[in-house]
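> return atomic coordinates for the entry below.
(chains A and B)
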Amino acid sequence: MATRNKNSINRRNFLKSAAVGAAAISAVPGTAAASATPAAAKVPAAIPISPEAELSSSPAEILTTDRSGSDFMVDVIKSLGIEYVCANPGSSFRGLHESIINYGGNRSPEFITCCHEESSVGMAHGYAKIEGKPLLVMAHGTVGLQHAAMAVYNAYCDRVPIMIIGGNLIDATSRISQVEWAHSVQDAAAILRDYVKWDDLPISLTHFAESTVRAYKMAMAPPMLPVLLIVDGELQENPICADASLKVPRLTPTAPPVGDSGAIQEAAKLLVSAQNPVLIAGRSARTPAGITCLVELAESLQAPVIDQMDRMNFPTRHPLNQTERSRELISSADVIVGLEVNDFWGAVHSFRDQMERTSLSIARSDAKTISINSANLFVKSNYQNFQRYPEVDIDIPADTEATLPALTEAVKRNLDVSRKSVLSDRRAKLAAAHDESLQRTRDAAAYAWDASPVSTARLSAELWNQIKDEDWSLVSTVGFLSRWPLRLWDFEKSYHYIGGAGGYGIGYNAPASVGAALANRKYGRLTLNIQCDGDLMYAPGVLWTAAHHRIPLLTVMHNNRGYHQEVMQVQIMADRHSRGIDRAKIGTTLTDPHIDFAKLAQSMGVYAEGPIADPKDLAPAITRAIQVVKRGEPALLDVVTQPR
Amino acid sequence: MTTSIRIAAKKVQFAAFMLSLVFTCSSRLQARPPTDPQNGKAVFEKLGCFRCHGSAGEGMSQPSSAGKDSGPPKIASTHLSLQDFVHAVREPKGQMPPFGPKQVSDAELADVYAFLQAAASQPKIELPSTANSQNGEHLYANFGCYECHGYQGQGSVQTGGSRLGPPQIPFSGFVSYVRQPAGQMPPYTPKAVSDAQLADIYSFLQSRPQAAPSKSIPLLNK
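From the prediction side, this is the model:
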């Protein structure tokens, strides 16, 4: 946070309103504002004035204003239906901050106090995946965006819409302290430009209005991505000219891009004639309708679905869900379809990380491959999240959810009656394999059932037992606990699971869970977060945000007391070099002292219990914590767990 | 036609026959190139054969209570002919899934066969009676086995670490796999972990209880 000297307001108001007026005039020629202030527009450029001369020439000091530029900005933001603004306060957007809480009444958007910009963006990330629309993040254009950067990258990789406003002081002569100089930047968006969809630097209120609506529209068009506006402090704080002609532009949502009809027909023919088709889903469902679309396609073909669960794409207990048989099915498939699959090449290859890194295709050499992916519509160069080039037979650059109805229709048209018995047999075999797979999973979960630290299977089963009859929403990633919830629970609805960070940047889970819980609050859902210890330690202040804003969220720690992935990485190196295999814990574990997450949470006003290392203590603790959450508050259980 | 001319004609015919024979043999050689054990190893791993048969085809069978070996058999240095081997892969008996020509070609199977024939037969190593499970528990944790396989050897689908506790393979196969693993597991050389230490670890894993049947655990039937 930075402060600014208020003694300069008068000078800045006088000069800058003129400058902004000039900008506004050039942006909106012919408006009432343009004809009303031609003389004022010329003043700064034509007559060099010393500060003393400025003061003496002012007829009267203007100390207050009834309506500032930031009030109009709030009008624009409200028009987009943005519910919340997450921010750690900063002087470069103080005008907007004040307008939101006073002029805007702190409702739609409501100001959510965050303790770190990474938490602000992380919350926006989780919120968007539940609500399907962005919330607003505000941050200093310098230090704030620097803090926010990793979280923005995660959202970019995860294709999540977020609106970000970075404050800045563009006019060097308006900066009045060392702090303001340090917090000002020539090109504030540069730090994020590689991983946002679009950015702009509006220089008038009309420009702001158009760019904000444009930014929202772009963020929401598949592939959905974060967008950034840099908003000048002067533009926020200066008064709106009495006769300025300002209007809030109308938002027209962009229709999602649908695949080419010829390519869809070709894909349908391949699928219908396939003996062993496989559908791989990455982020295929953007909305609840996306799940229905995929179920319909899979059932039309009686084809197995492998759900990579970057979103909740396909019900886990559906007989065609064959995620646990991924490799076996891909290696025998004659047609493989990737639906918003982030790494198609990786999906059909296996890797070996030994002295030489090797990869092998696991797909049949004659297998036909089809990709439907909106990511191909927006690719940038610098960051390499676009993955290895996949050689596919049919490439459809389009939004999967919007394209699936046409593909399903084409499949149905091409299906011959004679195929019915083939499809029926296929379904029966897949259903039997699904049941066997579930049984194998349950058998595997029984191992280390009574172990201490608590096994991740036991942790997941205990939780499921107590939430299965609630309207629940698991908002944390499960990649670090052997995916037990996805393998044991019955996931069906779009908010039952929201995927992971996208960019694999640690520090995502805690704030994203709080943001998702914020979105779930108005629906009365029981929001669950299985929280890794290392992730929470990046910015634990988000627990305070949850407590302060009464965000109901059950956090259960998966406290394996280390950065377990990294323990294994160091171990691999030690093995490779045949030395020091007992030293991989150095630099990778969180012990001595153990972190007391219950005390940490309690210190920020969150109900908490733990550490819990005996699995028998888990069930009653979960019961108590759920009661707290149902009262509308956050709760945390610190469970000491097995590594994975 | 004179006799000399007839003899000359016969010579030409014979030469033509020999040439055609050479050409035919050469064509056959071109149609079936020499086998490639290195590629065979790669195919063996690609198909996941190692998961059941061990990284060098040493097998993972154990004596059953009926006194007969059960489990995936040793296939290194197999006594089967190539033809029978291919047939066994195409139309297997028991638990093994069939692998059709579209998953693996005859030529690739010939490479796998060559790899298995070349694979050195591992001398059988017995678990020493001095194996110390307490020390094994310490080593298991200290050497980081738990990282992929869990503190109780329960395994993890996330890390790819298979379930080890209690072991599903004989000590001999255990040692062989640790030394020359397939998949993502890094190799542990004797310099890093001695056979005696592996014996202690194996003994610890043997002491891990079998899990209760999942059907007897109410929470696993929801």
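> host element of the residue of the stretch 251-400 of chain A found nearest chain B?
Residue nearest to chain B within the stretch 251-400 of chain A: residue A:360 (4.4 Å; Cβ to the nearest Cβ). All C-beta atoms are positioned from the backbone trio N, CA, C, and that covers glycine. Assigned by DSSP states H and E, residue A:360 falls within strand A:357-361.
> what's that strand packed up against?
Where contact means 3 or more Cβ pairs under 8 Å, 6 or more residues apart in numbering or on different chains; DSSP states H and E, strand A:357-361 is packed against strand A:349-353, helix B:37-46.
> run the chain-centre distance for that strand.
Counting by Cα atoms, centre = their mean, to the nearest Å, strand A:357-361 is centred 31 Å from the centre of its parent chain.
> where does pLDDT dip in the chain?
Using chain A here. Scanning chain A for pLDDT under 70 picks out A:1-58.
> chain B was what I was after
For chain B, the ranges with pLDDT under 70 are B:1-33, B:60-71, B:95, B:120-123.
> any chance you could map the helices in it?
B:3-31, B:37-46, B:50-53, B:82-90, B:106-118, B:133-142, B:146-149, B:171-179, B:195-206 (DSSP state H).
> packed most tightly, which of those helices would that be?
helix B:146-149 (a mean of 23; mean count of other Cβ atoms under 10 Å in any protein chain shown).
> what does it contact?
Residues external to helix B:146-149 that are found in contact with it (Cβ atoms under 8 Å, 6 or more residues apart in numbering or on different chains): A:564, A:567-568, A:571, A:584, A:643-644, B:140, B:155-156, B:159-165, B:185.
> filter the residues you listed down to the buried ones.
A:564, A:567-568, A:571, A:584, A:643-644, B:140, B:155-156, B:159, B:161-165, B:185 (16 or more other Cβ atoms under 10 Å in any protein chain shown).
> about what we covered before: isn't the residue of the stretch 251-400 of chain A closest to chain B right next to residue A:327, touching?
No. Residue A:360 lies out of contact with residue A:327 (Cβ atoms under 8 Å); the separation is 11.5 Å.
> shared neighbours, the two?
Shared contacts of residue A:360 and residue A:327, defined by Cβ under 8 Å, 6+ apart, comprise residue A:350.
> now residue B:199, nearest residue through space, not along the chain?
Excluding its sequence neighbours, the residue lying closest to residue B:199 (Cβ to Cβ, 6 or more residues apart in numbering or on different chains) is residue B:131, at 4.1 Å.
> got the domain ranges for the chain?
Because you didn't say which chain, this covers chain A. Residue ranges for the domains of chain A, per automatic domain parsing: A:66-237, A:261-438, A:446-559+A:595-639.
> nope, chain B
B:37-118, B:133-206.
> nearest to residue A:624, of those domains?
Checking these against residue A:624 by Cβ to Cβ gives domain B:133-206 as the closest, at 27.2 Å.
> what's the neighbour count on residue A:406?
Neighbourhood size, residue A:406 [other Cβ atoms under 10 Å in any protein chain shown]: 17.
> list the contacts for it?
Going by Cβ under 8 Å, 6+ apart, residue A:406 touches A:258, A:259, A:261, A:264.
> tell me the centre residue of the chain?
Let's take chain A. With distances taken as Cα atoms, centre = their mean, residue A:125 lies nearest the centre of chain A, 2.7 Å away.
> not what I meant, chain B
Computing the C-alpha centroid of chain B and ranking residues by Cα atoms, centre = their mean puts residue B:57 first, at 2.7 Å.
> for that residue, grab phi and psi.
Phi and psi for residue B:57, reported as degrees, to the nearest 10, are phi 70, psi 20.
> and the residue nearest to it when sequence neighbours are not counted, how far is that from residue B:180?
Spatial nearest neighbour of residue B:57, chain neighbours left out: residue B:76 (3.7 Å); criterion: Cβ to Cβ, 6+ apart. Taking Cβ to Cβ, to the nearest Å as the measure, residue B:76 falls 12 Å from residue B:180.
> overlap in contacts, these two.
Shared contacts of residue B:76 and residue B:180 (Cβ under 8 Å, 6+ apart): residue B:56.
> you'd agree residue A:162 is up against residue A:137?
Yes. At 6.2 Å, residue A:162 and residue A:137 qualify as touching, with contact defined as Cβ under 8 Å.
> higher neighbour count, those two?
residue A:137 (33 against 30).
> list the contacts of residue A:632.
When contacts are counted by Cβ under 8 Å, 6+ apart, residue A:632 is found next to A:521, A:550, A:552.
> what of residue A:145?
For residue A:145, the contact set (Cβ under 8 Å, 6+ apart) comprises A:117, A:139, A:152, A:164, A:166, A:188, A:191, A:192.
> again, only this time at 6 Å
Taking Cβ atoms under 6 Å, 6 or more residues apart in numbering or on different chains as the criterion, residue A:145 is in contact with A:139, A:166, A:191, A:192.
> what number of residues lie near the closest residue to residue B:150 other than its chain neighbours?
Distances taken as Cβ to Cβ, 6+ apart put residue A:642 closest to residue B:150, at 5.2 Å, once the chain neighbours are dropped. If you count neighbours by other Cβ under 10 Å, residue A:642 ends up with 25.
> just the buried residues of the longest helix along chain A, please?
Using DSSP H to assign secondary structure, the helix with the most residues in chain A is helix A:420-445. With burial defined by 16+ other Cβ under 10 Å, the residues of helix A:420-445 counted as buried are A:423, A:426, A:427, A:430, A:433, A:434, A:437, A:438, A:441, A:442, A:444, A:445.
> chain center to the helix or strand hosting residue A:346: distance?
Assigned by DSSP H and E, residue A:346 belongs to helix A:344-347. When C-alpha coordinates are averaged (Cα atoms, centre = their mean), helix A:344-347 and its chain have centres 22 Å apart.
> helices and strands around that helix, which ones?
The helices and strands touching helix A:344-347, judged by 3 or more Cβ pairs under 6 Å, 6 or more residues apart in numbering or on different chains; DSSP states H and E, number zero.
> in it, what counts as buried?
Residues of helix A:344-347 classed as buried: A:344, A:345, A:347 (neighbour count, 16+ other Cβ under 10 Å).
> just those now: which is nearest residue A:409?
For the buried residues of helix A:344-347, the closest approach to residue A:409 (Cβ to Cβ) belongs to residue A:344, at 24.1 Å.
> the closest one against residue A:338, yeah?
Yes. With contact defined as Cβ atoms under 6 Å, residue A:344 reaches residue A:338; the gap is 4.4 Å.
> any residues in contact with both of those two?
Common contacts of residue A:344 and residue A:338 (Cβ under 6 Å, 6+ apart): residue A:371.
> residue A:87 touches residue A:138, doesn't it?
Yes. Contact status for residue A:87 versus residue A:138: in contact at 4.0 Å, counting by Cβ under 6 Å.
> secondary structure element for the closest residue to residue A:581 other than its chain neighbours?
Using Cβ to Cβ, 6+ apart and skipping the chain neighbours, the partner closest in space to residue A:581 is residue A:574 (4.6 Å). In the assignment (DSSP H and E), residue A:574 maps to helix A:564-576.
> report the angle between that helix and strand A:349-353.
Comparing the axes of helix A:564-576 and strand A:349-353 via axes from the mean of the first three to the mean of the last three Cα atoms, to 10 degrees yields an angle of 60 degrees.
> on the three-state scheme, the spatially closest residue to residue A:103 that is not a sequence neighbour is what?
Spatial nearest neighbour of residue A:103, excluding adjacent residues (Cβ to Cβ, 6+ apart): residue A:71 at 4.5 Å. Look at residue A:71: counting by DSSP: H, G, I helix; E, B strand; the rest coil, its state is helix.
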